[in-house]
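*Asks:* I need the structure of the sequence given here:
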Amino acid sequence: NIAVTNSGDGTVFIFTQSGGLGSLKLVSTRYTVGKNPQWIVIADFHHRGFSDLAVVNDNTVMILSNTQTGTFDDTNPQVYAISDVGSKILTIDILNNQLLNLVITSAIGSETPGLNLLLNNGDQTFHNNSFYALTHSMSGLTSGIFNHNVNQSLITVDLDTGTYSTILRTDLIQIQDIYS
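*Replies:* Numbering: from 1, shown residues only. A predicted model of the protein is given here:
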């Protein structure tokens with residue numbers, strides 16, 4: 001399946017295949033997701049074995065739950081406010097508790113650059129947004145285990161200045177040094 005945002009009309013298209021190898025067709029389904037959707041991530045946020053959608057709009061993240069029939073529920077989405085116009089979105093188990101959380105960067109050029117963190121409650125909802133300020137806009141975001149432990153960490157990249165920041169998880173999230 002392929003998911004594509006359309007900021008012009010505030011929708012997301014999901015393209016799925018139908019038919020066998022000899023008669024492969026793409027079928028699209030359109031979901032209304034709000035003003036100016038920019039980024040989308042697909043993951044099983046509810047631990048049901050089905051992929052859900054998280055869409056970054058202007059100042060919100062919208063979660064569309066999988067209906068378990070191959071479609072998504074856009075009639076009753078979960079909507080979470082973020083601190084600024086969102087840009088990139090990433091899923092990460094930052095607390096090592098088997099729950100996927102959401103990290104959303106502020107848009108490039110934002111007056112308040114930083115990371116928005118929505119922690120998964122494990123009950124099909126997320127905590128309200130926590131904002132972590134950074135000194136630079138982010139043009140890249142990735143995650144991994146960088147400090148030889150089992151905790152996921154984040155790296156942000158600022159292509160304008162040629163720097164990157166590591167954001168490591170210990171007991172609390174802490175922002176580390178900036179490197180060039």
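*Asks:* lowest-pLDDT helix or strand in this protein?
*Replies:* strand 173-179 (a mean of 50; mean pLDDT, DSSP states H and E).
*Asks:* ok, residues contacting the host helix or strand of Ile89?
*Replies:* In the assignment (DSSP states H and E), Ile89 maps to strand 86-92. Defining contact as CB atoms under 8 Å, 6 or more residues apart in numbering, one finds that strand 86-92 is touched by 38-41, 43, 45, 54, 56-61, 100-108, 116, 138, 140-143, 152, 154. No exception for glycine: its C-beta is placed from N, CA and C like everyone else's.
*Asks:* what subset of those residues is buried?
*Replies:* When neighbours are counted using 16 or more other CB atoms under 10 Å, these contain these buried positions: 38-41, 43, 45, 54, 56-57, 59-61, 100-108, 116, 138, 141, 143, 152, 154.
*Asks:* what sits closest to Val33 if chain neighbours are left out?
*Replies:* Val55 (4.6 Å; CB to CB, 6 or more residues apart in numbering).
*Asks:* bridging residues for that neighbour?
*Replies:* For Val55, the beta-bridge partners under DSSP bridges are Ile40, Met62.
*Asks:* give the contact list for it.
*Replies:* Contacts of Val55 by CB under 8 Å, 6+ apart are Thr5, Val12, Val33, Gly34, Pro37, Trp39, Ile40, Val61, Met62, Leu64.
*Asks:* can you give me the helices in the chain?
*Replies:* With DSSP state H, there are no helices along the chain.
*Asks:* center of this structure - which residue?
*Replies:* Ile89 (3.0 Å; CA atoms, centre = their mean).
*Asks:* how far away is it from Thr161?
*Replies:* 23 Å (CB to CB, to the nearest Å).
*Asks:* how near is the residue nearest to Asp73 when sequence neighbours are not counted to Ser51?
*Replies:* If the residues on either side of it in the chain are set aside, Asp73 comes closest to Ser65, at 5.0 Å by CB to CB, 6+ apart. In this view, Ser65 and Ser51 are 10 Å apart by CB to CB.
*Asks:* between the two, which has more neighbouring residues?
*Replies:* Counted by other CB atoms under 10 Å, Ser65 and Ser51 do not tie: Ser65 has more neighbours, with 18 against 15.
*Asks:* pretty sure the more buried one contacts His46?
*Replies:* Yes - using CB atoms under 8 Å, Ser65 is in contact with His46, at 6.5 Å.
*Asks:* where do the contact lists of those two overlap?
*Replies:* Asp52, Gln124.
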